[in-house]
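Enquirer: The following comprises the amino acid sequence and a computationally predicted model.
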Amino acid sequence: MLTAARLGAAALSAALLAGAAAAPALADSPSAGATAPVPEGLYGKGDPTYDGVWRQSLALTALAGAKVTPADSTVSWLTGQQCADGGWPSYRADTSAACDPKTEDSNATAVAVQALVALGGYQDSVDKGVQWFKANQNADGSWPYNPGSPGDANSTGLAVNALLAAKLDPAAVAKAGRSAYDGLALFQLGCAAPADQRGAFAYQPDPAGALAPNALASAQATLAAAGGKLPVTNTNRTDAAPKALSCANGSTEPLVARADSAEAAGAYLTAQLAAGDQHLTLTLPGAAPTPDYTATAWAALGLIQSGHPQQATGAVGWLAKEGGTWTKGGSDASATATLLLVAQAAQRDPAAFGGDLVAQLTALGPAPKATGAASAPASSAPAEKKKDGGFGQWWVIGVGLLIGIGGGLLLSLQRKRGQKL
């Protein structure tokens, strides 16, 4: 996932290395000033140059979870963006022209695959996307944003999400003997790091090979480390807090074992959320720190996937309260879709999550073919109804027995029932 306008590959890398990773939101904002026409079938009103496939994929994934059947044009737009080799660029203005493999976008490809899996019925496109990931995996097991570049935690995590969505084991997708999980492990801080940084993910190593924690890299990679994909539907719950990385006997092992990766990352995120009033922070050189909505959303998704919804509760609540600023009142398709994915994962009512997210998102695209029951939170209402129904049956039986006992008692009982009605 990229900076606010997805900036383009070169500017993105510099921004992320500086800790500037944020949502691909600005390009989808009317205030950003569209420089390319918005094609028919695309969600959002802003320039799609840097985030067209990204925001379309998130929107379709979130709406699928809300039981919305999208217009055919929205799906055909996404499948039409796919290149002949199976990858997706950030956006293809002219789909009749061949893609430039160097500019294909692993992040866009990852979310497109997940969207098509969520929709169902697009296996050929999904299979081609998977083959693209296999062909463009780096020798160290990681994936870069654009093919041929060094890998990064965000892109590798998203690739793992896509593989899992396609029902592949990332441990079995390897290049030169290094699996996707091995690639992800390259960016996680282990026992060689200071205690308060252990479990975090860096975007990329610095020129000297050192790793520095990055909020969005940590949040996005946690979902992958926990074996997750979009949409997050895990309902497993571990009451204990995520287990911090154990570095017994003064261990300085730089790598985190696969078995410990998600818990260590979850422990780091939990501590960061607690220290930041339940949200993560975006820090840019020369600018005051600001809330990082995107990283906070992905942190919540990662914690829920890893079985720690209790530790995600504060972030989910913060997003429900403050998310309208991020979505610009529901006018930003990417942010609105991500917020809807969080509400669904947390089993919160998307119609009351700082606004009606399903209505806001559908309003940003063509009218859907059908709408169903939104992904509302699991509640005790059905059980209570069943319980009341059982009580009513016994009440009828009791009334029948009381009729045999005497009219006076029945009249008294009916009077009492009348007072309750």
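Expert: Arrived safely, thanks for sending.
Enquirer: list the contacts for residue 222?
Expert: Contacts for residue 222 (C-beta atoms under 8 Å, 6 or more residues apart in numbering) come out as 157, 201, 262, 265-266, 269, 298-299, 302-303, 305-306. C-beta coordinates here come from the backbone N, C-alpha and C atoms, glycine included.
Enquirer: hmm, I was thinking of residue 321
Expert: Contacts of residue 321 (C-beta under 8 Å, 6+ apart): residue 354.
Enquirer: make it 10 Å
Expert: Residues counted as contacts of residue 321 (C-beta atoms under 10 Å, 6 or more residues apart in numbering) are 278, 353-354.
Enquirer: again, but for residue 211
Expert: Per C-beta under 10 Å, 6+ apart, neighbours of residue 211: 153, 186-190, 192-193, 197, 200-205, 217, 254.
Enquirer: Just name the closest of the contacts of residue 222 to residue 331, please.
Expert: residue 298 (21.2 Å; C-beta to C-beta).
Enquirer: SS state for the closest one?
Expert: Secondary structure for residue 298, judged by DSSP: H, G, I helix; E, B strand; the rest coil, is helix.
Enquirer: Residue 44 is in contact with residue 360, isn't it?
Expert: No. Taking C-beta atoms under 10 Å as the definition, residue 44 is not a contact partner of residue 360, at 11.4 Å.
Enquirer: shared neighbours of the two, which are they?
Expert: Shared contacts of residue 44 and residue 360 (C-beta under 10 Å, 6+ apart): 331-333, 336-337.
Enquirer: between the residues you listed, which is nearest residue 93?
Expert: residue 333 (18.2 Å).
Enquirer: Show the pLDDT at the closest one.
Expert: Note on residue 333: pLDDT of 98.
Enquirer: Counting neighbours, which bits of stretch 318-331 end up buried?
Expert: 318-320, 323-324, 326-328, 330-331 (16 or more other C-beta atoms under 10 Å).
Enquirer: now stretch 242-262
Expert: Per 16+ other C-beta under 10 Å, stretch 242-262 contains these buried residues: 242, 244-245, 256, 260-262.
Enquirer: Show only the entries of those residues found in helices.
Expert: Counting by DSSP state H, the part of the buried residues of stretch 242-262 found in helices is 260-262.
Enquirer: how about these in JSON lines, adding distance to residue 78 and pLDDT?
Expert: As requested, these are exported to JSON lines (distance: C-beta to C-beta, whole Å; pLDDT from 0 to 100):
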{"residue": "260", "distance to residue 78": "37", "pLDDT": "96"}
{"residue": "261", "distance to residue 78": "31", "pLDDT": "98"}
{"residue": "262", "distance to residue 78": "30", "pLDDT": "97"}
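Enquirer: picking up where we left off before, any of the contacts of residue 211 buried? List them.
Expert: For the contacts of residue 211, buried by 16+ other C-beta under 10 Å: 153, 186-190, 193, 197, 200-204, 217.
Enquirer: from the residues you listed, which is closest to residue 132?
Expert: For the buried ones among the contacts of residue 211, the residue nearest residue 132 by C-beta to C-beta is residue 153; the value is 19.7 Å.
Enquirer: Who are the contact partners of the nearest residue to the closest one once chain neighbours are set aside?
Expert: Distances taken as C-beta to C-beta, 6 or more residues apart in numbering place residue 187 nearest to residue 153, at 3.7 Å, with adjacent residues excluded. Taking C-beta under 10 Å, 6+ apart as the criterion, residue 187 is in contact with 142, 151-154, 156-157, 200-205, 211, 214, 217-218, 221, 256.
Enquirer: Enumerate every residue touching residue 310.
Expert: Per C-beta under 10 Å, 6+ apart, neighbours of residue 310: 237-241, 270, 303-304.
Enquirer: wait, I meant residue 141
Expert: Counted by C-beta under 10 Å, 6+ apart, residue 141 has contacts 151, 156, 170, 173-186.
Enquirer: List the ones among those residues that fall in strands.
Expert: The strands in this structure, assigned by DSSP state E, contain 174-175, 178-179 from the contacts of residue 141.
Enquirer: rewinding a little: could you dump the ones in helices among the buried residues of stretch 242-262 into CSV with distance to residue 108 added?
Expert: As requested, those are arranged in CSV below (distance: C-beta to C-beta, whole Å):
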residue, distance to residue 108
260, 31
261, 25
262, 25
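Enquirer: from those residues, which is closest to residue 74?
Expert: Within those, the smallest distance to residue 74 is 33.1 Å, found for residue 262 (C-beta to C-beta).
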